[in-house]
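1. just the structure for this:
(one chain, ligands or ions: 1)
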Amino acid sequence: MTALSLTQDELKTLVGHAALDYVVEGEIVGVGTGSTVNKFIEALGTIKGKIRGAVSSSVASTQRLQALGIEVFDSNAVEELAVYIDGADEIDGSGFMIKGGGAALTREKIVAAQSRSFVCIADASKRVQVLGAFPLPVEVVPMAARRIVRQFERMGGLAQVREKDGAALVTDNGQHIIDVSGLQISDPLGFETAVSQWPGVVTVGVFAHQRAHVCLLATPSGVETLRFG
Ligand SMILES: O=C[C@H](O)[C@H](O)[C@H](O)COP(=O)(O)O
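-> Below you'll find the model as predicted:
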C-alpha cells in the first residue's frame, strides 16, 4: 500500500467512516465517546435511516447523536447490543485498552458490557506493547480520592485528581477522575480485577474484561484491521 500523507484528524475521519462496515442494519448501535468517535457519529448520520438508533456512553455523544436526528435509547431499555464502537487511549496486542481520557470510562464500560462485539477505532499512535504510557484514568467517589491516590503512590505511580477550570473535574456521574502515570500494566486482567475492588473506585480505565474484539487502526497506509478472537 502507498503511504498517505494524512493529518491525525484525517486519520480519525478515515477510521470513523470505516467503522460503518460494522454497524448492523436495523439495529441499535452502541456509541462511545471522544474525538475519534465524533468522526464515527458524523458518518453514522449519513446512514441514520438504516439504524434504529443508538445507546450512548456520554452526555456529549448523546447531544451529537440527537443533533443529527439519531434516536438515543436508555441503556436499560435495551437487552443487548450487536456492536459497540469506541476509541481508546491505548490498545495492546490482545485488544486490552486504556480508556477514559475524555472522562467517559464508566458509561463506556457499561455499554461495552452489554454489547456482543467491541470495535475499537484508533489511529496508529494508540497501539502499544504494554499499557501504561498514557496516564491511567480512574473514576472515584470524591470522598475516597485521597486514599486512592496514596494507594497508587504505594504501587509506584504518580496520581492526581484531574482538574477542569481550576477545580476537580466532575464526570457525567457526579464523580471525580484520578490520572495515574508511571505504571506498566503487564497483567491487565489481574490489574483491572484488583483495582475495581478498592473502596471508592467506580471504574478503572483498564478495559481487559471488556476488551476490543476488533481494532480498526488508521495508519499512513490506510485502515488496518486487527482481530483479537
Ligand atoms: O473517555 C473517553 C474515551 O475513553 C475515549 O474513547 C478515549 O479517550 C479516546 O479518545 P480520542 O478518540 O479523543 O483519542
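
2. pull the longest strand from this protein.
-> strand 115-123 (DSSP state E).

3. tell me what the helix or strand following it is packed against?
-> Using DSSP states H and E, the helix or strand that follows strand 115-123 towards the C-terminus is strand 136-140. Strand 136-140 is packed against helix 105-113, helix 145-154, strand 176-181, strand 201-204, with contacts defined by 3 or more C-beta pairs under 8 Å, 6 or more residues apart in numbering; DSSP states H and E. Quick note: C-beta positions are derived from backbone N, CA and C, even for glycine.

4. about what we covered before: anything in the longest strand of the chain near the ligand?
-> No. Judged by C-beta under 6 Å from any ligand atom, strand 115-123 stays clear of the ligand, getting no closer than 7.0 Å.

5. please apply the same query to stretch 128-142.
-> No. If you take C-beta under 6 Å from any ligand atom as the test, stretch 128-142 misses the ligand, and the best it gets is 7.0 Å.

6. how far does that stretch sit from the chain's center?
-> Here stretch 128-142 shows a centroid-to-chain-centroid distance of 12 Å under the convention C-alpha atoms, centre = their mean, to the nearest Å.

7. report the buried residues of that stretch.
-> Residues of stretch 128-142 classed as buried: Val128, Leu131, Gly132, Phe134, Pro135, Leu136, Pro137, Val138, Glu139, Val140 (neighbour count, 16 or more other C-beta atoms under 10 Å).

8. can you check stretch 167-179 too?
-> For stretch 167-179, by 16+ other C-beta under 10 Å, it's Thr171, Asp172, Gln175, His176, Ile177, Ile178, Asp179.

9. what about the closest residue to Thr219 other than its chain neighbours, how many neighbours?
-> Nearest non-adjacent residue to Thr219, counting by C-beta to C-beta, 6 or more residues apart in numbering: Ala124, 4.5 Å away. Neighbour count of Ala124, defined by other C-beta atoms under 10 Å: 14.

10. again, but for Lys164
-> Neighbours around Lys164, by other C-beta under 10 Å: 10.

11. so who does it touch?
-> Going by C-beta atoms under 8 Å, 6 or more residues apart in numbering, Lys164 touches Val170.

12. distance of it from Leu158?
-> According to C-beta to C-beta, to the nearest Å, Lys164 and Leu158 sit 19 Å apart.

13. show me this protein divided up by domain.
-> 8-128+209-227, 136-203 (automatic domain parsing).

14. tell me the contacts of the residue nearest to Val206 when sequence neighbours are not counted?
-> Closest residue to Val206 apart from its sequence neighbours, by C-beta to C-beta, 6+ apart: Glu192 at 4.3 Å. By C-beta under 8 Å, 6+ apart, Glu192 lies in contact with Val204, Val206, Phe207, Ala208, His209.
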